[in-house]
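In: sequence-free structure coming up:
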């Protein structure tokens, strides 16, 4: 890729100890020589070795701007596979802007969001799945999201997809060769061989899809909704989980009328917790809006924490809640265990609930048991992702799903005894969809759309 030389501030635009201005392109070394004067006056930056650091001062023509360290990384062994220079100056907003303006005056053009990573992709240093992992890594909200992003950045997903594509294209090539030269290539028994191969690939891709929800959870957190009738203690549960008085707690039923959202980690597992208005029939317009919002949030929940006041008998409001959550992953919290219990564990088991924890939000008892149950539900008692490849990107999940449809059609064609050239059509379709993940089949519009989501300077 031959193009203009770009520059941008690569660190946050806020006062800090160090600020970095990144330059990439064929003229990066020429530009830095115009704005940077090394402490050793006889040193020529264009002649220095790659991956070296140099102390000196940066100027806007004759005006001194700052003292700095310049890092030189010559292509193709750099982030973008082009010549890259990074100016490490003091991190004042004014200083960084002045240095960047001097770089522009010297011949660089402003980088677009994500353009450095885009150049790394277009120059063949990384594939598209690795490029997307860069942004996922930057936006990681927890250690597991970070670990998965790093794994994809190292090429784990891209390598697996590339391996599958090689198997597919090998079969297509054999079919085409056999059709062109039947004297030297026999298709006898090929259908059975292809069937076995396609079934193996389908199983591999299905594993990706089965892990996709875990991948989303790793990246975004478990969408957790706290529900219950008014005064069951939902807000008290939220406060205990957060370790602070985030929600207002009173003895007055219906205190919470809107939703409260917070993100926490339980045993390292990310939860996005939403406290909702108590669900009940009400003529209060504002409270009714809160109740309707709570019902809507339940449809999108990965996990429901159903809080039951054990000191108060189950009512028709509880029956309505149970109907709303009957198909959801639910943990029943029998709250107020410190009081005389009217509602027993057996009462909820009779209603079909198996995951039940007795707690007291007031006394903060039973909370550790809740934490362990959440861990058991989502990660089978342990959190370990070292050997798994997770789809954390909805675009990747969509392409895998489309590839599976095409491969299913190949199996159908084999079962129907169709000619071999019919297999090629659907095999190539699956090949192309998987290529959208790595970027080998992707168009310019999609590339631009993906990198537009990146932050400036990356």
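Out: Received the coordinates, thanks. These figures come from a predicted structure and were not determined experimentally. Residues are numbered from 1 along each chain as shown.
In: sec struct for residue 19, please.
Out: Secondary structure, DSSP: H, G, I helix; E, B strand; the rest coil: residue 19 is strand.
In: got it, and residue 223?
Out: Counting by three-state DSSP, the backbone at residue 223 sits in strand.
In: Can you report how many residues lie near the closest residue to it other than its chain neighbours?
Out: If the residues on either side of it in the chain are set aside, residue 223 comes closest to residue 302, at 4.6 Å by CB to CB, 6 or more residues apart in numbering. For the C-beta atoms, the positions are set from N, CA and C on the backbone; glycine is no exception. A count of neighbours around residue 302, defined by other CB atoms under 10 Å, yields 19.
In: Residue numbering should commence at 6 henceforth.
Out: Got it, the first residue is 6 from now on, which makes the last one we talked about residue 307.
In: Can you read off the pLDDT for residue 307?
Out: Looking at residue 307, its pLDDT stands at 82.
In: next one: residue 273
Out: Model confidence at residue 273, expressed as pLDDT, equals 67.
In: and what of residue 264?
Out: So residue 264 comes in at 59 (pLDDT).
In: With residue 166 instead?
Out: Note for residue 166: predicted pLDDT of 89.
In: That one looks like it's in a helix, true?
Out: Yes. According to three-state DSSP, residue 166 belongs to a helix.
In: my read: it touches residue 445, true?
Out: No. Residue 166 lies out of contact with residue 445 (CB atoms under 8 Å); the separation is 9.2 Å.
In: which one of these two has more residues nearby?
Out: Taking other CB under 10 Å, residue 166 and residue 445 do not tie; residue 166 has more neighbours (27 against 16).
In: what's near enough to touch that one?
Out: With contact set as CB atoms under 8 Å, 6 or more residues apart in numbering, residue 166 has these partners: 134, 439, 442, 443.
In: Out of those residues, who's the most crowded?
Out: That'd be residue 442 among the contacts of residue 166, by other CB under 10 Å, with 29 neighbours.
In: Specify the residue ranges that define each domain of the protein.
Out: 11-116, 136-216+396-456, 230-384 (automatic domain parsing).
In: Quick one: end-to-end length of the first one, please.
Out: Pointing back at domain 11-116 there. Length of domain 11-116, first residue to last, CA to CA, to the nearest Å: 5 Å.
In: just how off-centre is it within its chain?
Out: 32 Å (CA atoms, centre = their mean, to the nearest Å).
In: just stretch 171-186 next, same as before
Out: Distance of stretch 171-186 from its chain centroid, counting by CA atoms, centre = their mean, is 36 Å.
In: pLDDT on it, on average?
Out: Across stretch 171-186, the average pLDDT comes to 85.
In: Name the residues that touch that stretch?
Out: With contact meaning CB under 8 Å, 6+ apart, stretch 171-186 is reached by 189-192, 195, 199, 202, 206, 425-426, 428-429, 432-433, 435-436, 439.
In: one more time with 6 Å, if that's ok
Out: The contact list for stretch 171-186 (CB atoms under 6 Å, 6 or more residues apart in numbering) reads 190, 192, 199, 425, 429, 432, 433, 436.
In: mind listing which of those are in helices?
Out: Mapping these onto helices (DSSP state H) picks out 199, 425, 429, 432, 433, 436.
In: any low-confidence regions in this protein?
Out: By pLDDT under 70, the weakly predicted segments of the chain are 6-7, 144-150, 190, 217-225, 249-264, 273, 282-297, 384-395, 397, 447.
In: other SSEs contacting the longest strand anywhere in the chain?
Out: The longest strand of the chain (DSSP state E) is strand 68-78. The contact analysis (3 or more CB pairs under 6 Å, 6 or more residues apart in numbering; DSSP states H and E) places strand 68-78 against strand 57-65, strand 89-96, helix 98-110.
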